[in-house]
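Q: Everything below, folded, please.
(chains A, B, C and D)
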There are 2 protein chains.
Amino acid sequence: MPTIKDVSKLAGVSVATVSRYLNKNGYVSQQAADAIAEVIDKLNYKPNNIARSLAGMKTATIALMVPDILNPFFPEVARATEDAANAYDYTLILCNTDNNPEKEQKYIETLIHKQVDGIIISSYTIKPEQLEHLQKRKIPVILMDNHLSGSSIVSLMSNNFNGGKLATEHLQNQGCRKIAHICGPIHITSSRERTNGYEVIAKQLDSFTPSLIAYSDFTVKGGYRAMQELIQKHPDLDGVFASNDLMAAGAIKALQEANLSVPTDVKVIGFDGIQMEMMSPEISTVAQPIYEIGKTAVDTLVKLINGDPIETYTQTFEVELQVKQSTSIQSK
Amino acid sequence: MPTIKDVSKLAGVSVATVSRYLNKNGYVSQQAADAIAEVIDKLNYKPNNIARSLAGMKTATIALMVPDILNPFFPEVARATEDAANAYDYTLILCNTDNNPEKEQKYIETLIHKQVDGIIISSYTIKPEQLEHLQKRKIPVILMDNHLSGSSIVSLMSNNFNGGKLATEHLQNQGCRKIAHICGPIHITSSRERTNGYEVIAKQLDSFTPSLIAYSDFTVKGGYRAMQELIQKHPDLDGVFASNDLMAAGAIKALQEANLSVPTDVKVIGFDGIQMEMMSPEISTVAQPIYEIGKTAVDTLVKLINGDPIETYTQTFEVELQVKQSTSIQSK
DNA sequence: ATGAAAGCGCTAACAA
DNA sequence: TTGTTAGCGCTTTCAT
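A: The predicted structure is shown next:
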């Protein structure tokens, strides 16, 4: 493979000039530039990333830490992030943390040593100390779908509170009078906010009672079990807001097994807006602009990497109600 | 961050000795080793990967090319691969090719320049020339779920033919007399094999006719449309083998909309064994050992990277019939 | 068994 | 505007 030296020789200039040309900093005469361009083209020369990195430059690599790519929410995040990274000619390293602090710590160490240019974290168990560790190493970080109060870390979140309200209101508008809620892990900020949104609306209904809220864990199975519990306690419920789509799917399964028809007997709405077209009925949801969030995460990260100023450290994205079969009003 | 120089000074030896110690090649006296170990520990020294790579060593990075991580089959592949890579202290770069030859080509160029140690390709449009390009650059490659005949590339595949037979036989055993098939893209080897398996069994039935095979594309929507077509042509069919789980899900949706009950009226089986617990009924499938394939891919890739001999260039993995609700025999 | 020194390909002072 | 040169941190001959 040709090196910068080969280029400089053939172009009749010094390596420094080629380097300046490559990095578009410093002065390079038109004449030299032309000569260099021609040689580069002829040799099909590409700068060696590794050498560049060693000489103190960037690695053109960023990392994405997710709990588990098997959870259907995260492929969407990964795809959005990878696409955006790609547009900047960055390469994306994928890390599954399983929300395991030790794995997280190990990945962080590895990423520091690989000198990744930045990290996007979409893992819920990350600790402030770990972020400080990264800050000390001057590695920019973006938090997705999470927020650590008090820290000066950029964090991107959907308007979960509003989404919770939206979902609950929608059920109400579709004629539901007794609306239950399957909430996600309470230690996750975004999850809590969705539940807060639900409560604000649901408490306006006479039917409200705290036992209408079932605590679960963002999984299909969890949603399934929570729904069984709710049916037991409140056989007359007619609407369910699950804090994510997976739990909504689990809930529908439990309802169908209990011979309750969705949406005729009970209407169900989820949250996230992940691809679940295989479901029947298709699930209404409050969709997060995942793709946009992913893109913004990368855009912002790149700014941080380049030392450009960023406008705001906390960004909130609006969510969108998507009405599908699971909450539609049936014509008899 | 401490460098090898710091270590050598504190340990009272030369950098060469430390390097030898680190790489466990060449001679190092016990005495020197002890001293070095102690200093490394005290300084929490970690070799700089980038410098190592520049000096001609490996990058400890491998890449995984998939069509699209949004297709639920590939997160499973990605997870298996990442876990296995991690166990070797390799880092995994994720690439979404969209089965787009230009994107593929661009990624390959990038990966060569990043000097990844190896590449696992699970993308169907890859061309022999591209693989040769990589071989020329001495970058080991493994093909997953794909095979290019005539080339000396390691390829790992499930026993798709057997799986196709297994699925069709199972439907037969469950009492199906007229078994339709939704097949995947015919240019994909593994897809073709599944269909071959179906044909061998289905042709033994009197009911067989070529129009029982509908051509589709591995997507939910494709399976849905194919099923609608099949219902039209063969209202009396009582079993369907779809070449992947997504199409099976689409088929079930179409059947339900046509007021045909699954499994009572029509039994449906898919292929792949991806996580679809949210479905109701849950889908019977022929499961590929995806995790094992991913692990084997990395194991083999690492051997190639290290120049170790490998036993066989083509490996076939057995599949497993998983019976769920969608093909169960209903007690009345 | 060990160390000195020459790279690996590139960037960035600094001098010209 | 350009070239010379000293690193970046590590590996690896080649002497010793």
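
Q: Would you pull up the residue in the stretch 201-332 of chain A closest to DNA strand D?
A: Residue nearest to DNA strand D within the stretch 201-332 of chain A (Cβ to the nearest atom of the strand): A:I305, separated by 19.1 Å. Where you see a C-beta, it was placed from the backbone N, CA and C, and this is true even at glycine.

Q: For that residue, give me its contacts.
A: A:I305 sits next to A:K58, A:D117, A:G118, A:P140 when contact means Cβ atoms under 8 Å, 6 or more residues apart in numbering or on different chains.

Q: Which secondary structure element is home to it?
A: helix A:290-306 (DSSP states H and E).

Q: Rounded mean pLDDT for that helix, please.
A: Helix A:290-306 shows a mean pLDDT of 95.

Q: Pull out the buried residues from it.
A: A:290, A:293-298, A:300-305 (16 or more other Cβ atoms under 10 Å in any protein chain shown).

Q: Please enumerate the strands of chain A.
A: A:61-66, A:91-96, A:118-121, A:141-144, A:154-158, A:179-183, A:213-215, A:239-242, A:267-272, A:284-287, A:314-317, A:320-322 (DSSP state E).

Q: which one of the ones you listed is the most hemmed in?
A: Sort those by mean neighbour count, taking mean count of other Cβ atoms under 10 Å in any protein chain shown, and strand A:239-242 sits at the top with a mean of 33.

Q: what number of residues lie near A:D265?
A: Residues near A:D265, counting by other Cβ atoms under 10 Å in any protein chain shown, number 13.

Q: Then A:A33?
A: Residues near A:A33, counting by other Cβ under 10 Å, number 15.

Q: Enumerate every residue touching the closest residue to A:S158 other than its chain neighbours.
A: Take A:S158 and drop its neighbours on the chain: the residue closest to it by Cβ to Cβ, 6 or more residues apart in numbering or on different chains is A:Q288, 4.3 Å away. The contact partners of A:Q288, by Cβ under 8 Å, 6+ apart, come to A:S158, A:G163, A:F271, A:D272, A:G273, A:F317, A:V319.

Q: at 7 Å what do you get?
A: By Cβ atoms under 7 Å, 6 or more residues apart in numbering or on different chains, A:Q288 lies in contact with A:S158, A:D272, A:G273, A:F317, A:V319.

Q: returning to that earlier point: as CSV, could you dump the C-alpha coordinates of the helix holding A:I305?
A: Extracted in CSV, the C-alpha atoms of helix A:290-306 (Å, rounded to 0.1, in the frame of the first residue of the first chain):
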residue,chain,number,x,y,z
ILE,A,290,-35.7,6.9,17.4
TYR,A,291,-34.0,7.5,14.1
GLU,A,292,-33.9,11.3,14.7
ILE,A,293,-32.6,10.8,18.2
GLY,A,294,-29.9,8.5,16.9
LYS,A,295,-28.9,11.0,14.3
THR,A,296,-28.9,13.9,16.7
ALA,A,297,-26.8,11.8,19.1
VAL,A,298,-24.1,11.4,16.4
ASP,A,299,-24.4,14.9,15.2
THR,A,300,-23.8,16.2,18.7
LEU,A,301,-21.1,13.8,19.5
VAL,A,302,-19.2,14.8,16.4
LYS,A,303,-19.5,18.4,17.4
LEU,A,304,-18.1,17.6,20.8
ILE,A,305,-15.3,15.6,19.2
ASN,A,306,-14.4,18.5,17.0
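
Q: and the angle for it with strand A:61-66?
A: Interaxial angle of helix A:290-306 relative to strand A:61-66 (axes from the mean of the first three to the mean of the last three Cα atoms, to 10 degrees): 140 degrees.

Q: of the buried residues of helix A:290-306, closest to B:K253?
A: When the buried residues of helix A:290-306 are compared for distance to B:K253 (Cβ to Cβ), A:I290 wins out at 23.7 Å.

Q: If we ignore the residues flanking it in sequence, what's nearest the closest one?
A: Among residues not flanking A:I290 along the chain, A:E76 sits closest, at 4.6 Å (Cβ to Cβ, 6+ apart).

Q: Am I right that that neighbour is in contact with A:D272?
A: No. Look at A:E76 against A:D272 with Cβ atoms under 7 Å: they stay out of range, at 8.4 Å.

Q: The residue of the stretch 201-332 of chain A closest to DNA strand D and A:Q115, how far apart?
A: To A:Q115, A:I305 is 12 Å away according to Cβ to Cβ, to the nearest Å.

Q: Show me where the stretch 1-150 of chain A has its helices.
A: For the stretch 1-150 of chain A, the helices defined by DSSP state H, counting those that start in this stretch cover A:4-11, A:15-23, A:30-43, A:49-54, A:73-87, A:101-113, A:128-136.
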